[in-house]
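> Sequence plus predicted model, see below.
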Amino acid sequence: MTTLNTIFSRIFLGILITVSHSVLAADPGRINGQIIVQFYSNVEPERVIIDVELASKTDVALLKPLSASLNIWLIAFDENVYNAEFVKDAFFKNPDVALVQFNHTFSERSIPDDPFFYQQWGLLNDGAGGIADADIDADLAWDITTGGVTAKGDTIVVALISEGQFYAHEDLDYFINRNEIPDNDIDDDANGYIDDYHGWNGTTQTDSVPERLHGTHVAGIAGAIGNNGLGISGVSQKLKILPVYNLTVEADAVASYAYARDMRKIYNETNGEKGAYIVATNSSFGVDFGNPDDYPIWCAMFDSLGVVGVLSVASTANTSVNVDNVYDIPTACPSEYLITVTMTDKADNLFSAAYGAKSIDLGAPGNLIYSTIIDNSYGILSGTSMSAPHVTGAIAMMYAAACPEFFDALEDNNELMLLKLKQYLLEGVDVVPDLEGVTVSNGRLNVFRAIENLTVSGFCATGFAENALGVAYPNPAQELLFINGATIIDQEVQVQVVNTLGQVVYQRTGDRSPFIFSGIPVGDLPSGYYAVSVYNPDSDLLFGSGVIIQHQ
Ligand SMILES: [Ca+2]
Ligand SMILES: [Ca+2]
Ligand SMILES: [Ca+2]
Ligand SMILES: [Ca+2]
């Protein structure tokens, strides 16, 4: 039966609407000649003003009370005559002044100037037709980064696997393989693909670009150019999209994943001179009820991508079924490097889409999503197809926000750090009732909290010290590998050792954590580089480290 299955785009329904609208440009920054002062409660502002004027030889005026009960006033002065910092300082020094600050125009939080941004409820939901803040907090994330480049200077790329995209859309920024000369029948960059300049079409073995609405729409959700005064904004305002094409047969999908893998592998091997810094693949297509047992090669591609440093994101089925029971391709594939996404609507409901406490990681906005379509237009589509690229864009944003140390650790141990990223992403969701108990994370994507988990509370703040367990030693190890820790976790843990091919070469479950202090036997493992990880019963990573096993 499965051979008759065809892959199809995970689109639910399509309504195309064009809207014209204008958005007021924000005017951020300090207002000249104004400060806000809070006086102590029983202080008379008029008296303090005179004191300040005398002490600082300035001329200031009480403009209006902002809060009589809190004794907060707006104060004006002529900034052409008096230095603003000097005036502020004069108030600061006055003993009757509790607080002083400049006045600022209200600037909406990092709202881009794209005219249709107001349509993008998935990024910022004002509650119209749903629930306010049932969104991924893109605006808060943009206070930290708008995407584009890593702290190490690598240009962030996502591989968008689809049936085609409108390549010439003015609000999309596609990756171009500059090491390849197009249309000369020569594989100039020796990556195994001839003339792969604009991406890759596994079906025709060319870089020809079929123009398809669906893929164009998916691309814009992840990475439409933000704040360019045009159209919409992607989750990541700056993002290179590498288009990879497949028709509706499995072989082409596998070829597409292989292309993404090869491009990233070459990037790693040439120190960025060739290939592309692909951080994620996006698959907004699949086979309803497909059993992973019938798709071992497809499912294994996600592990192969993980080994070279690429996470994969996939849409689950647009039908209300439990994937844990009925299966789905690819979202029932068991790979740890695959992140599976279902669909939420404007009210944070699970909207006519599949779920699974084991198989489906999280929800993301997918119903009535406004994005790029063919011919430089914009329109609304619905489906889990629209949910996955929200997550893909969020991963790209996490890379843009990550500290340099993250990339050092990534270089040492791709797999471990990818799992950390996935952990931060899943732990960063907003828990919503409709997804509780039916998804791994119990919630809907929140890109801001995912970034915070990485930068404020996670690896970038604490390094591996965030783990309750400490350090793996000796390193290099010969016979026994110990994990030292200041804190003993009184839980049963799973210890896992993974080689550079991503294969689990040692695993032990069910021991309480003190076990690991008695040593992991590594004497039988070949010399080489390994990742050792310790998980708690909830599969949370408690400890991870790269180790070298070296036999004399
Ligand atoms: Ca929000
Ligand atoms: Ca080539
Ligand atoms: Ca060529
Ligand atoms: Ca735009």
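Arrived safely, thanks for sending. Nothing here was measured: the structure is a model prediction, and the numbers come from that model. Numbers count the residues shown, from 1 in each chain. Ligands and ions are numbered 1, 2, ... in the order given.

> For the nearest residue to residue 114 once chain neighbours are set aside, give me its contacts.
Closest residue to residue 114 apart from its sequence neighbours, by CB to CB, 6 or more residues apart in numbering: residue 233 at 4.8 Å. Placement of C-beta: from N, CA and C, glycine included. Residue 233 sits next to 112, 114, 117, 120, 123, 138, 224, 225, 226, 227 when contact means CB atoms under 8 Å, 6 or more residues apart in numbering.

> Name the SS class of the residue lying closest to the first one once chain neighbours are set aside, please.
This points to residue 112. With sequence-adjacent residues excluded and distances taken as CB to CB, 6+ apart, residue 112 is closest to residue 227, at 3.8 Å. Under DSSP: H, G, I helix; E, B strand; the rest coil, the three-state class of residue 227 is coil.

> Run a quick neighbour tally on residue 227.
16 (other CB atoms under 10 Å).

> thought it was touching residue 115?
No - if you go by CB atoms under 8 Å, residue 227 and residue 115 don't touch, sitting 11.3 Å apart.

> What distance do you get for the residue nearest to residue 112 to residue 481?
49 Å (CB to CB, to the nearest Å).

> Any part of the longest helix anywhere in the chain near ligand 2?
Secondary structure of the chain per DSSP state H: the longest helix is helix 250-269. No - residues of helix 250-269 contacting ligand 2 under CB under 5 Å from the ion: none, with a closest distance of 9.4 Å.

> Determine the set of other helices and strands touching that helix.
strand 157-162, strand 240-245, strand 278-283, helix 296-308 (3 or more CB pairs under 8 Å, 6 or more residues apart in numbering; DSSP states H and E).

> Go through those and name the closest to residue 59.
strand 240-245 (54.8 Å; CB to CB).

> From the chain's centroid, how far away is that closest one?
17 Å (CA atoms, centre = their mean, to the nearest Å).

> ok and that strand relative to helix 250-269, angle-wise?
150 degrees (axes from the mean of the first three to the mean of the last three CA atoms, to 10 degrees).

> Output the contacting helices and strands for strand 240-245.
Checked by 3+ CB pairs under 8 Å, 6+ apart, strand 240-245 has strand 157-162, strand 200-201, helix 213-223, helix 250-269 packed alongside it.

> then the third one to CSV, C-alphas only?
Once non-C-alpha atoms are left out, helix 213-223 reads as follows in CSV (Å, rounded to 0.1, in the frame of the first residue of the first chain):
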residue,chain,number,x,y,z
LEU,A,213,2.7,29.0,-4.8
HIS,A,214,3.0,26.7,-1.8
GLY,A,215,6.8,26.7,-1.5
THR,A,216,6.8,30.5,-2.0
HIS,A,217,4.4,30.9,0.9
VAL,A,218,6.5,28.6,3.1
ALA,A,219,9.7,30.5,2.3
GLY,A,220,8.2,33.8,3.3
ILE,A,221,7.0,32.6,6.7
ALA,A,222,10.5,31.5,7.6
GLY,A,223,12.5,34.3,6.1
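
> Is ligand 4 within reach of it?
No - figure legend: helix 213-223 not in contact with ligand 4 (CB under 5 Å from the ion); closest approach 8.4 Å.

> by contact count, what packs against that helix?
strand 157-162, strand 240-245, strand 369-373, strand 377-382, helix 384-401.

> any idea where the helices of the protein begin and end?
45-56, 84-92, 138-142, 213-223, 250-269, 296-308, 323-326, 384-401, 404-412, 414-427, 447-455, 459-462, 514-517.

> With ligand 3 as the reference, name the closest of the ones you listed.
helix 250-269 (14.8 Å; CB to the ion).

> which residues are in contact with that closest one?
Contacts of helix 250-269 (CB under 8 Å, 6+ apart): 7, 159, 161, 177, 189, 191-193, 196, 200, 202-203, 242, 244-246, 274-278, 281, 283, 285, 287, 295, 297-298, 301-302, 304-305, 308-310, 312.

> So in terms of bridging, what pairs with residue 535?
residue 494, residue 541 (DSSP bridges).

> that older thread, put together TSV for the helices and strands packed on helix 213-223, with mean neighbour count on each row.
Output for the helices and strands packed on helix 213-223, formatted as TSV (neighbours: other CB atoms under 10 Å):
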stretch	mean neighbour count
strand 157-162	28
strand 240-245	26
strand 369-373	26
strand 377-382	21
helix 384-401	30
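
> got those as a markdown table, with distance to ligand 1 columns?
Formatted as a markdown table, the helices and strands packed on helix 213-223 follow (distance: least, CB to the ion, whole Å):
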| stretch | distance to ligand 1 |
| --- | --- |
| strand 157-162 | 23 |
| strand 240-245 | 25 |
| strand 369-373 | 16 |
| strand 377-382 | 20 |
| helix 384-401 | 13 |
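
> for the stretch 201-350 of the chain, what are the low-confidence residue spans?
Per-residue confidence for the stretch 201-350 of the chain (pLDDT under 70) gives these ranges: 247-248.

> What is the burial count for the residue in it that ligand 1 sits nearest to?
For the stretch 201-350 of the chain and ligand 1, the shortest gap (CB to the ion) falls at residue 348, measuring 11.2 Å. Using other CB under 10 Å, residue 348 has 23 neighbouring residues.

> How about residue 232?
Neighbours around residue 232, by other CB under 10 Å: 24.

> can you check residue 448 too?
23.

> do you know how far it is from residue 425?
12 Å.

> same thing with residue 190?
Distance from residue 190 to residue 425, by CB to CB: 35 Å.

> Compare those two (neighbour count), which wins?
residue 425 (27 against 11).

> Please name the nearest non-neighbouring residue to the more buried one.
residue 450 (4.6 Å).

> doesn't residue 394 make contact with that neighbour?
Yes - contact criterion CB under 8 Å: residue 450 and residue 394 qualify, at 5.8 Å.

> Find residues that contact each of those two.
By CB under 8 Å, 6+ apart, the residues touching both residue 450 and residue 394 are residue 425.

> List the contacts of whichever residue of the stretch 451-552 of the chain sits closest to ligand 4.
For the stretch 451-552 of the chain, the residue closest to ligand 4 is residue 451, as judged by CB to the ion, at 21.0 Å. Contact partners of residue 451, counting by CB under 8 Å, 6+ apart, are 141, 144, 145, 397, 398, 401, 428.

> Report the two of the residues you listed separated the most.
145 and 428 (15.0 Å).
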